[in-house]
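*Asks:* Make a model of this:
(chains A and B)
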Amino acid sequence: MGEQAEKKPKAKEVMKQLTKDYYGGALRAHEENKYVAYTTAVSPVELFYAHDIIPIYPENHSVMCLTGRMMPRLSLEIEKRGYTSHLCAYARSDLGYREVGESPIGGIPDPDFLLACNAQCFTLTKWFQVLSRRYGVPVFVFDTPQYIRKDEARKNIMKYVEHQLVEMVEALEELTGRKFDYDRLREVLGYSAEASKLYREFLDLASIRPSPISIFDALIHMAIIVYLRGTKEAVDYYRLLIEEIKEEKVSKGIGVIPNERFRLYWENLPIWFKFRDHSDFLAAHDAIILTSLYAHAWSYDFDVSNPLATLAENYTSVFSNVELEERAERAIELFRRYSLNGNIMFMNRSCKAVTFGVLELKEMISKETGIPVLIFESDMGDPRFYSEVQIRTRLEAYLETLDRMGVG
Amino acid sequence: MNRQVLEELLSIARDPYPMLRAWKKKGEKRKIIGSTLTDVPEELIHAAGMLPFTILGTNKSILRASAHLPDNACSQARSDLELVLTYQRDFFDGYVLPQVDDTTQHLSDIWRRQVRWDYFETFLLPRQIDRPSARQWLLDETLRLKRSLESFTGKEISEGRLRESIGIYNQNRGYLKRLYEMKRRHPDFINNRQFFDLIKSSMWWPKEEHNGLLERFFSGIEETDLMRKGEEDTRVVLSGIVWEPPEIMDILDQSGLRVVGDDLCAGWRYIDPDVEANGDPVKAIVDRHFKKGPFTPIYAKGNKIFENLLNLVTRNTAEGVIYLHIKFNESQDYDLPDLIENMEKEGIPLFVVETEYQTTHLAGIRTRIQAFGESLAQK
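*Replies:* So this is what the prediction gives:
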């Protein structure tokens, strides 16, 4: 996939520059009297952009640490302090970074405010509480109850979440001493809506056969929708990226791999320190992972005419916060839309939120699709819990099974 | 002391299922509604004409639950699911499962799909409690539960009936708190295991009957029961969620450690505070939630778990804290390092016991608890 990304220098260069500017701006924030708020990847970050507060995503920084293979070193540092190795690898990496100060990008600024939205997971709220105690700054727990399929509950949940958006506005006004500008929120939300639409269009390029992108492209380019959602730069970026892929790949019928046979679904977050290896290994076997509900967690559908309601609905209904049946339906829809013929389900020991229901999901998805499933356990960021030989053997055996079944 | 009544109560705590089955066989029509920990408003279920029952897992072997859960699911979730998949499959008529974290949220879905039931409802607790939105949300959610129960039974839960249930529950809480106070003052009155078993029996027995049993127990208490007989013991505060396996409590008893305060869901948090008897009963039930002691998954401003423990230690002149940590309970995992550090700064000894349901090898835990007890006694 690295080769594929290199063939798109323009978008890649833009991404590099955007990332550099974003983190550079964040590191200068305090000198420029701007506030820095830590937030979680699925959260109403639009409120921060609208209020001129710089959002920082410790999860993103952790991904850089994990892909930079700084684990288990960072984890060991906090295990000395009594944190256990079965906590979220993002949290361990982040808390470890704070002990040793090492970072692939020179670090991130300390927070003035913490926003922990639990739609993604509950862990984040506990992790951010540790940070809140460490820095003596407030944490705003943005509580999104499970979006259960009951009309009365959903109506109440939306009321509750919208109420919290108003409370968050009040908290930000208290923090900065400035009045919140709802017109500015509409503008920011407009950018988010457009970028989300384009991001989904980008992800959906994987429905083309042969696919011009793989999940690995999605994971690389996902970074912008996560941390620049709400800015014009994100909109321009995805427009450029889509044009580039269409021009260089789609128009010429070029796929990521030459002999595309096995079009795979991936359940869960990636194994960050291995995803390139997985890509190469699978490509050698004519297999490609095309999508995942995880990547789709940022393909929001905002209705700009009703900012608070749409923020509430989009950030509450993320795949990890709906009932398992609805999550399975969304996954099955991806199987159909992307013509998938294989299913790899990763039991991620450091992400209970996404993993807890996987055994149940496996039954639901395989019953509906009839596609055999490879299921294995490891950790998204800690090589101590990754068994190279075992996982390779199982991947090989799985692909042989698909081959024997005449898939592809 | 009325030993016979005490034994009756303790036998409920040892194994309530045969007794409740016998109770049903005698013609009792009430349906049994199970809830996992914690904070489901039992008064509503009671007022709906059913028996609320707090599910506290099983210490019997895990046979089926593991097929549905990841390896690092905590033993509380695993043994709760095992109980209803294997050992008490037909015992419950329905469930109200509360959600407070990732485990309870997803367990609820798995349960709904895998377990047999006539009634199933989730109870979505707010995971923050300081802002006005939390109170409004819990009121809406409690009213939703009320309507859901009414729709299941086909009968309205009247204000009068709910008030009556609140009265019965308050009376029960009052009795248990009175017993706790007697336990604090009179070391040889009842031991740790007996007292916490009494709370368990309350979670598992029709409250009206439990009140009757407690009344008989109180009336049998004599001066001599309160007299000091044994040696000086050491006062400790117990922190955590549950006290499983129950032998843990026996170990404390045998180590001369007397629990004088706790923040357990299967302890003080179950019996305190009362529901305000006046005003709108549903609102009063909601109010109770916000007056409860801190619970690790629910965010409260400040450092409430630590502050509450500190207060429990000081108020009850305890020598130290025993923290029961359920392995793989993430919420406790995130709290512990700072909590240990904060307690150290205060000069309060805190001893962490990692426990799991199904643990049978307790020799190591026994030795360490005894050593902790001795170190406190020497202070």
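*Asks:* Tell me how many other residues surround residue A:399.
*Replies:* For residue A:399, the number of neighbouring residues by other Cβ atoms under 10 Å in any protein chain shown comes to 22. Placement of C-beta: from N, CA and C, glycine included.
*Asks:* If you could redo that for residue A:244, that was the one I meant.
*Replies:* 17.
*Asks:* Before we move on, what's the pLDDT of the nearest residue to residue A:52 once chain neighbours are set aside?
*Replies:* Leaving out its chain neighbours, the residue that sits closest to residue A:52 by Cβ to Cβ, 6 or more residues apart in numbering or on different chains is residue A:34, at 6.7 Å. Per-residue confidence (pLDDT) for residue A:34: 94.
*Asks:* element containing residue A:34, please.
*Replies:* Using DSSP states H and E, residue A:34 sits in no helix or strand.
*Asks:* burial count for residue A:31?
*Replies:* Counted by other Cβ under 10 Å, the residues lying close to residue A:31 total 8.
*Asks:* so which residue of the stretch 151-300 of chain B comes closest to chain A?
*Replies:* Here the stretch 151-300 of chain B gets closest to chain A at one residue, residue B:299, 4.3 Å apart by Cβ to the nearest Cβ.
*Asks:* Model confidence for that residue, exactly?
*Replies:* For residue B:299, the pLDDT comes out at 96.
*Asks:* So what sits opposite it in the bridge?
*Replies:* Bridge pairing for residue B:299 (DSSP bridges) gives the partners residue B:128.
*Asks:* Return the residues in contact with the residue nearest to residue A:52.
*Replies:* Each residue near residue A:34 by Cβ atoms under 8 Å, 6 or more residues apart in numbering or on different chains is listed here: A:52, A:53, A:54.
*Asks:* Would you quantify the distance from it to chain B?
*Replies:* Between residue A:34 and chain B the computed distance is 25 Å (Cβ to the nearest Cβ, to the nearest Å).
*Asks:* now the strands for the stretch 151-300 of chain B?
*Replies:* B:234-239, B:257-262 (DSSP state E, counting those that start in this stretch).
*Asks:* Just send those back as CSV, with distance to chain A, mean pLDDT and mean neighbour count too.
*Replies:* What follows is those, written out as CSV (distance: least, Cβ to the nearest Cβ, whole Å; pLDDT from 0 to 100; neighbours: other Cβ atoms under 10 Å in any protein chain shown):
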stretch, distance to chain A, mean pLDDT, mean neighbour count
strand B:234-239, 16, 97, 25
strand B:257-262, 22, 97, 25
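*Asks:* For the ones you listed, give me CSV that also has distance to residue A:383.
*Replies:* CSV is the format used below for the strands of the stretch 151-300 of chain B (distance: least, Cβ to Cβ, whole Å):
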stretch, distance to residue A:383
strand B:234-239, 35
strand B:257-262, 41
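*Asks:* Nearest to residue B:345, out of these?
*Replies:* Residue B:345 lies closest to strand B:234-239 among those, at 16.8 Å (Cβ to Cβ).
*Asks:* same for the closest one, what does it pack against?
*Replies:* The contact analysis (3 or more Cβ pairs under 8 Å, 6 or more residues apart in numbering or on different chains; DSSP states H and E) places strand B:234-239 against strand B:257-262, helix B:304-315, strand B:320-326, helix B:363-377.
*Asks:* Just checking: what are the partner strands of it?
*Replies:* strand B:257-262 (parallel), strand B:320-326 (parallel).
*Asks:* So what touches the last one?
*Replies:* Pointing back at strand B:320-326 there. Strand B:320-326 is contacted from outside by B:74-76, B:234, B:236-244, B:248, B:252, B:257, B:264, B:309, B:313, B:332-333, B:336, B:339, B:343, B:348-356, B:369, B:372, B:376, using Cβ under 8 Å, 6+ apart.
*Asks:* If I take that strand and helix B:363-377, what angle do their directions form?
*Replies:* Angle of strand B:320-326 versus helix B:363-377, following axes from the mean of the first three to the mean of the last three Cα atoms, to 10 degrees, is 160 degrees.
*Asks:* Next, the angle helix B:304-315 makes with strand B:320-326.
*Replies:* 140 degrees.
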